[in-house]
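Undergrad: model the structure of this input:
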Amino acid sequence: MNFTADHFKKVKTRNDLINLAKENNIPIDKTLSKLKYEAELVDLQAEFVNLQKWLDQKKMRVAVIFEGRDAAGKGGAIKRFKEHLNPRTSRVVALTKPTEVEKGQWYFRRYIKVLPNPGEIVFFDRSWYNRAVVEPVMDFCSKGEYKKFIMQVPEFEHLLYEDNLKIIKFWFSISKDEQKKRFDARLSNPLKKWKFSPVDVKGQELWEKYTYYKEQMFSKTHTNFCPWIIVKTNDKKQARLESMRYVLSQFDYDGKGESKISLLPDPNIIMRYHRSAIQIDM
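TA: Predicted coordinates for the structure are as follows:
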């Protein structure tokens with residue numbers, strides 16, 4: 001059974017509508033879940049506006065890195081993070097493959113050029129960690145280049161930390177079955193076909209190889225000053241909200257908590273990396 005025009009004439013509030021649905025056995029769980037998500041998202045985005053103003057006033061520099069397997073929801077999360085921020089002091093970095101000139105330069109140079117300026121927050125849709133997982137899995141770099149990167153990246157990030165650049169490193173964790181579902185959905189949606197590439201197919205075929213390099217990355221680049229934060233993303237909406245809460249929880253900005261929403265991330269969804277952590281993309 002669905003709602004009728006007469007039903008809507010009888011209600012004045014959201015609670016009236018919920019009670020009416022219960023009385024008539026009309027399923028509205030999905031609708032209520034969506035409404036709750038949208039309400040929480042708006043409150044968290046309002047908190048981000050306050051955070052951005054404070055970062056600008058304090059001239060702080062913040063880089064939020066989004067890494068993870070293809071279709072883990074990195075781009076969708078970044079979109080919600082940035083949606084209502086002032087574009088003058090926030091931007092997204094999604095670098096294409098290096099040019100021939102860049103290939104001959106120090107690997108980190110192309111990323112140094114796009115690091116945040118004072119008062120700015122930058123969201124990296126993939127980052128220098130391409131060389132930690134994607135490149136060795138797909139044979140886009142040599143073994144020597146990979147080893148050099150793994151040795152240098154903690155030192156590189158420590159230099160940034162000492163220079164008061166705040167780095168937050170997210171790994172968006174998705175299960176193999178859920179990744180396959182999202183790939184299939186991309187192919188069937190004409191608006192999302194552009195997201196699908198031959199590399200996506202390889203992601204399923206080389207799942208175990210990705211897992212190996214991911215674990216190598218965690219064990220060698222997870223540090224006290226720049227830790228990895230794992231986000232379970234089989235539920236996209238939940239992942240977006242909890243990753244936003246995590247970033248907000250890292251700063252004591254003016255107006256914090258004005259929206260009255262909880263800013264404590266759910267430890268069942270988002271957690272600091274440790275070897276015993278249960279991951280869904282193993």
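Undergrad: just the strands from the stretch 101-250 of the chain, written as ranges.
TA: All strands of the stretch 101-250 of the chain, identified by DSSP state E, counting those that start in this stretch, fall at 120-125, 165-173, 228-232.
Undergrad: mind putting those into CSV with mean neighbour count, distance to residue 219 and mean pLDDT?
TA: Using the backbone N, CA and C atoms, a C-beta is placed for each residue, glycine as well. Converted to CSV, those look like this (neighbours: other Cβ atoms under 10 Å; distance: least, Cβ to Cβ, whole Å; pLDDT from 0 to 100):
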stretch, mean neighbour count, distance to residue 219, mean pLDDT
strand 120-125, 22, 21, 98
strand 165-173, 21, 13, 98
strand 228-232, 23, 10, 97
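Undergrad: reformat these as CSV; add distance to residue 189.
TA: Shown next, in CSV, are the strands of the stretch 101-250 of the chain (distance: least, Cβ to Cβ, whole Å):
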stretch, distance to residue 189
strand 120-125, 20
strand 165-173, 20
strand 228-232, 24
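Undergrad: of all those strands, which one comes closest to residue 103?
TA: strand 120-125 (20.0 Å; Cβ to Cβ).
Undergrad: direction included, what does the closest one pair against?
TA: Strand pairing for strand 120-125, determined by DSSP bridges: strand 61-68 (parallel), strand 90-93 (parallel).
Undergrad: of all those, which lies closest to residue 149?
TA: Among those, strand 61-68 comes nearest to residue 149, with 14.0 Å by Cβ to Cβ.
Undergrad: winner for burial among the strands paired with strand 120-125?
TA: strand 61-68 (a mean of 23; mean count of other Cβ atoms under 10 Å).
Undergrad: returning to that earlier point: mean pLDDT and distance to residue 136 added to the strands paired with strand 120-125, as TSV?
TA: As requested, the strands paired with strand 120-125 are exported to TSV (pLDDT from 0 to 100; distance: least, Cβ to Cβ, whole Å):
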stretch	mean pLDDT	distance to residue 136
strand 61-68	98	14
strand 90-93	98	22
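Undergrad: can you put these in TSV and add distance to residue 262?
TA: Shown next, in TSV, are those (distance: least, Cβ to Cβ, whole Å):
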stretch	distance to residue 262
strand 61-68	20
strand 90-93	24
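Undergrad: which one of these lies closest to residue 174?
TA: That would be strand 61-68 among the strands paired with strand 120-125, by Cβ to Cβ, at 6.7 Å.
Undergrad: ok, longest helix in the protein?
TA: Longest helix in the chain by number of residues (criterion: DSSP state H): helix 29-58.
Undergrad: mind giving me the packing neighbours of that one?
TA: helix 74-82, strand 120-125, helix 236-249 (3 or more Cβ pairs under 8 Å, 6 or more residues apart in numbering; DSSP states H and E).
Undergrad: can you find the helix or strand in the chain with the smallest mean pLDDT?
TA: One helix or strand of the chain scores below all others by mean pLDDT, DSSP states H and E: helix 5-10, with a mean of 67.
Undergrad: next structured bit after it?
TA: Later in the chain than helix 5-10, the nearest helix or strand by DSSP states H and E is helix 14-23.
Undergrad: tell me what that next one is packed against?
TA: Applying 3+ Cβ pairs under 8 Å, 6+ apart, we find helix 14-23 packed against helix 5-10.
Undergrad: and if we set it to 6 Å?
TA: For helix 14-23, there is no helix or strand it packs on, judged by 3 or more Cβ pairs under 6 Å, 6 or more residues apart in numbering; DSSP states H and E.
Undergrad: got a pLDDT number for residue 141?
TA: For residue 141, the pLDDT comes out at 96.
Undergrad: my bad, should have said residue 3
TA: 63.
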